[in-house]
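> heads up, no residue letters with this:
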């Protein structure tokens, strides 16, 4: 469904943030990109949706295919029209608009008002919490509510693929659970997901396949079970030791072993 | 008492004209984050186009005005394409410098095309004032007040209720988020410049009806500035209240303080009020406050 072939992304014609990555997201799958800060995960999503223009970034090499169509460096509106919506990091609600208006903006490409209202109603059925907050200003919602809202807003575009960047960032455990329950529900309903997450444990719990990114490169890939059982992923991203127990802070601080993929 | 009410009502109506010109500032700022210091020059340019259509070409009102609005829209489109489409992502300082350059350029264009002479602007509204008891109100101001309120309500409805308006509001909030939702920021900014230019022309028609026009008329942009900043640069409906407030204060000052002090206090007072309120509320009375979860 979505294929990245040897994609490079550069900022300001100087900083190579993504260094030739290749990945595939199949229809109906949930694929996750995990990795530390600065690995290039968010940049990869921005390159796909082509919202890196304001940050002076662009895809300089490689191809991005959605189905059979090349979408690299296309207008963001064309990419959304093709069926890809990007839920950006940081719960980017339209702060001064109400929940209702936020959702309506999400469905702005649909010309039929009746269809937009139908989607709005089904969104309120899917996320009943939002129905109770219809008239509230989005900027004053809790973090969890804002995250549900931006996912709901993306759904209003009736996408085939949703790319979600760090949905658990800064949320309380209960809110994270609620957000991931919603993502699981979307996946069960046939929505394809590309999930970027630093909370690797949560991401691998719903993903079918995962890629580990470091320094702009994909260093490891596999099914979520394979990644969960990989010794390096367990140690560096899940914070577990060989016996499967939580590593102590002292162990993390003083680890000496290099990751295998660094040779 | 009658005198006081006359100053108050006339002041409020003039304030509504300022609000109409200020709407041009706000519409352009919301979409592009450009504070267009050349808005006064757009009013003059729009005014001269109306003058050209109705006085020089002697076209009837019903043909001359639509053509003038069309020309204003085209000017707005060209200004965006020539100057601001290349400036996307530049600093606020750079944008402000471009608007200053635009201001000087437009003033030059007006001087070259229409000369420095003072011209008689056509009487678009009936000339005789309305007299209700003690009230004496110029009809242009009365019609202008009603038109301004209608335009403000229409724009508020457009930005909050319609699909195209919500797109522009999303752009006003955050360009990158708007892009991620498939909204064309470029198109929204172009529409905003077209609307801003047309609002400037409407402001010219109301403000200048049966008065004179010259390149100095662009000072109305300066008079509209306190209204825009007082209301807050994102609020359309707030402009009405801010316009009435500034207009009444200016009207009363012109009626009582100017003759008493022998000085033009009325021309300074709006800016003093603007500064006082901005000290207390930097975003103006109805501007968007930064909502930040901590």
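Sure, I can see it. The structure presented is a predicted model; accordingly, all values stated were derived computationally and were not measured.
> only C-alpha atoms for contact and neighbour calcs from this point on.
Noted.
> Now do residue B:44 against chain A, distance only.
Residue B:44 is 34 Å from chain A, where distance means C-alpha to the nearest C-alpha, to the nearest Å.
> which ones are touching that residue?
Contacts of residue B:44 were listed using C-alpha atoms under 8 Å, 6 or more residues apart in numbering or on different chains, and they are B:110, B:201, B:204, B:213-215, B:217-218.
> which one is the residue in chain A positioned nearest to chain B nearest to, not counting chain neighbours?
Nearest to chain B, among the residues of chain A, is residue A:77, at 3.6 Å (C-alpha to the nearest C-alpha). With sequence-adjacent residues excluded and distances taken as C-alpha to C-alpha, 6 or more residues apart in numbering or on different chains, residue A:77 is closest to residue B:182, at 3.6 Å.
> Is the one you found in a helix, a strand, or coil?
coil (DSSP: H, G, I helix; E, B strand; the rest coil).
> Phi first, then psi, for it.
The phi and psi torsions at residue B:182 (degrees, to the nearest 10) take the values phi 80, psi 20.
> Look at residue B:288 and tell me its secondary structure.
Three-state assignment for residue B:288 (three-state DSSP): coil.
> what are the phi and psi angles of it?
Dihedral angles of residue B:288 (phi, psi; degrees, to the nearest 10) stand at phi -70, psi 120.
> how about the strands in the stretch 51-200 of chain B?
For the stretch 51-200 of chain B, strands defined by DSSP state E, counting those that start in this stretch occupy the ranges B:119-120, B:130-132, B:135-137.
> In a strand, residue A:178, correct?
No. The assignment for residue A:178, made by three-state DSSP, is helix rather than a strand.
> Apart from its chain neighbours, what residue comes closest to it?
Residue nearest to residue A:178 in three dimensions, not counting chain neighbours: residue A:144, with 7.9 Å by C-alpha to C-alpha, 6+ apart.
> count of neighbours near that neighbour?
Neighbours of residue A:144 under the rule other C-alpha atoms under 10 Å in any protein chain shown: 22.
> Tell me which of the strands of the stretch 51-200 of chain B sits most buried.
Scoring the strands of the stretch 51-200 of chain B by mean neighbour count under mean count of other C-alpha atoms under 10 Å in any protein chain shown gives strand B:135-137 as the most buried, with a mean of 17.
> Which other helices and strands does that strand contact?
For strand B:135-137, the packing partners by 3 or more C-alpha pairs under 8 Å, 6 or more residues apart in numbering or on different chains; DSSP states H and E come out as helix B:2-32, strand B:130-132.
> Helix, strand or coil: sort out residue A:60 for me.
At residue A:60 the chain is in strand, as set by three-state DSSP.
> wait, what's in contact with it?
Residue A:60 touches A:7-10, counting by C-alpha under 8 Å, 6+ apart.
> Likewise for residue A:153?
The neighbours of residue A:153, taking C-alpha under 8 Å, 6+ apart as the test, are A:102-107.
> Filter these to keep only those in contact with chain B.
Intersecting these with the contacts of chain B gives A:104-106 (criterion: C-alpha under 8 Å from any C-alpha of the partner chain).
> Tell me the one of these nearest residue A:1?
residue A:106 (22.4 Å; C-alpha to C-alpha).
> and that closest one, how many residues sit next to it?
30.
> Over to residue A:11?
Number of residues near residue A:11 (other C-alpha under 10 Å) recorded here: 18.
> My read is that it contacts residue A:53, right?
No. Look at residue A:11 against residue A:53 with C-alpha atoms under 8 Å: they stay out of range, at 9.2 Å.
> Now for residue B:225: which residues touch it?
Taking C-alpha under 8 Å, 6+ apart, one finds residue B:22 in contact with residue B:225.
> please redo it, this time with the cut-off set to 10 Å
By C-alpha atoms under 10 Å, 6 or more residues apart in numbering or on different chains, the contact set of residue B:225 is B:18-19, B:21-22, B:25, B:37, B:39-40, B:219, B:270-271, B:274.
> for residue B:276, same thing?
B:230, B:270, B:282.
> which among the residues you listed gets closest to chain A?
Minimum distance to chain A across those is 17.1 Å, recorded for residue B:282 (C-alpha to the nearest C-alpha).
> hang on, the earlier thing: including mean pLDDT, could the strands of the stretch 51-200 of chain B go into CSV?
What follows is the strands of the stretch 51-200 of chain B, written out as CSV (pLDDT from 0 to 100):
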stretch, mean pLDDT
strand B:119-120, 93
strand B:130-132, 85
strand B:135-137, 84
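> Output the ones you listed in TSV, with distance to residue B:44 appended to each entry.
Formatted as TSV, those follow (distance: least, C-alpha to C-alpha, whole Å):
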stretch	distance to residue B:44
strand B:119-120	12
strand B:130-132	27
strand B:135-137	24
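> Nearest to residue B:240, out of these?
The minimum distance between residue B:240 and these falls on strand B:135-137, with 18.8 Å, by C-alpha to C-alpha.
> so which one among the contacts of residue B:276 has the lowest pLDDT?
pLDDT across the contacts of residue B:276 is lowest for residue B:282, at 83.
> Residue A:171 contacts residue A:199, correct?
No. With contact defined as C-alpha atoms under 10 Å, residue A:171 does not count as touching residue A:199 (11.1 Å).
> picking up where we left off before, pLDDT and secondary structure added to the ones next to chain B among the contacts of residue A:153, as TSV?
Formatted as TSV, the ones next to chain B among the contacts of residue A:153 follow (pLDDT from 0 to 100; DSSP: H, G, I helix; E, B strand; the rest coil):
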residue	pLDDT	secondary structure
A:104	95	helix
A:105	95	helix
A:106	94	helix
